[in-house]
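Chemist: With the input below, show me the fold.
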Amino acid sequence: MPKTTLDTFDASIQKTNIMLKAVEDRFGWHDRNKAYLALRAVLTTLRDRLTPEHALGLGAQLPMIVRGFYYEGWRPQQTPLKMNKDEFVGEVERQINPMTYDMETEEMIKGVVAIVQDYTDPNEMRKIKKTLPEGIQNMLVPA
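Modeler: I've put the predicted structure just below:
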């Protein structure tokens, strides 16, 4: 992996690659771009469903590069977007091509969220889970 001249960037690149590799390994993929798109779709959909306070709490715990695409395009004054489980799954599918994932989108969401929880404070995830409708809560593994 090429090194930058900033240790902070190098560490973030390494953490991001570890996170993406975890997504690949969880689903048996060998495609870093596929893992990135899945992670991005799930994180941005979750972000948009959260209040700005909870979205910021989650984002602050993500590696710097992941945090960058997590916040990209965010309009906090327009959140939280009210969506039920089907709408949440539909929004993730809108951002990816579900046909290329060869799995149920809900299972992909659950797996990605489980990996994200490895990078976040369990108390933060518990608070977030309480703010969501039951159908979406059920897609989050217990923190």
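
Chemist: any low-confidence regions in this protein?
Modeler: By pLDDT under 70, the low-scoring segments of the chain are 1-5, 142-143.

Chemist: for it, which helix is longest?
Modeler: helix 7-27 (DSSP state H).

Chemist: Against which helices or strands is it packed?
Modeler: When contacts are defined as 3 or more C-beta pairs under 8 Å, 6 or more residues apart in numbering; DSSP states H and E, helix 7-27 packs onto helix 32-49, helix 64-71, helix 105-117. Every residue, glycine included, has its C-beta placed from N, CA and C.

Chemist: and the ones you listed as JSON lines, adding mean neighbour count and distance to M125?
Modeler: Shown next, in JSON lines, are these (neighbours: other C-beta atoms under 10 Å; distance: least, C-beta to C-beta, whole Å):
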{"stretch": "helix 32-49", "mean neighbour count": "20", "distance to M125": "11"}
{"stretch": "helix 64-71", "mean neighbour count": "17", "distance to M125": "15"}
{"stretch": "helix 105-117", "mean neighbour count": "19", "distance to M125": "5"}
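
Chemist: Among the ones you listed, which comes closest to Q78?
Modeler: Set against Q78 and scored by C-beta to C-beta, the helices and strands packed on helix 7-27 come closest in helix 32-49, at 8.1 Å.

Chemist: chain center to the closest one: distance?
Modeler: Put simply, helix 32-49 sits 5 Å off its chain's centre (C-alpha atoms, centre = their mean, to the nearest Å).

Chemist: angle of that helix against helix 64-71?
Modeler: Per axes from the mean of the first three to the mean of the last three C-alpha atoms, to 10 degrees, the angle that helix 32-49 makes with helix 64-71 is 50 degrees.

Chemist: CA atoms only: put helix 32-49 into PDB for me.
Modeler: C-alpha atoms of helix 32-49 as PDB (Å, rounded to 0.1, in the frame of the first residue of the first chain):
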ATOM      1  CA  ARG A  32     -13.300  -4.100  -2.400                       C
ATOM      2  CA  ASN A  33     -15.500  -1.800  -4.500                       C
ATOM      3  CA  LYS A  34     -18.600  -4.000  -3.700                       C
ATOM      4  CA  ALA A  35     -17.700  -3.900   0.000                       C
ATOM      5  CA  TYR A  36     -17.300  -0.100  -0.200                       C
ATOM      6  CA  LEU A  37     -20.700   0.400  -1.900                       C
ATOM      7  CA  ALA A  38     -22.400  -1.800   0.600                       C
ATOM      8  CA  LEU A  39     -20.800   0.000   3.600                       C
ATOM      9  CA  ARG A  40     -21.600   3.400   2.100                       C
ATOM     10  CA  ALA A  41     -25.200   2.600   1.300                       C
ATOM     11  CA  VAL A  42     -26.000   1.200   4.700                       C
ATOM     12  CA  LEU A  43     -24.200   4.000   6.600                       C
ATOM     13  CA  THR A  44     -25.700   6.900   4.600                       C
ATOM     14  CA  THR A  45     -29.200   5.400   4.900                       C
ATOM     15  CA  LEU A  46     -28.800   4.900   8.600                       C
ATOM     16  CA  ARG A  47     -27.400   8.400   8.900                       C
ATOM     17  CA  ASP A  48     -30.400   9.900   7.100                       C
ATOM     18  CA  ARG A  49     -32.800   8.100   9.400                       C
END
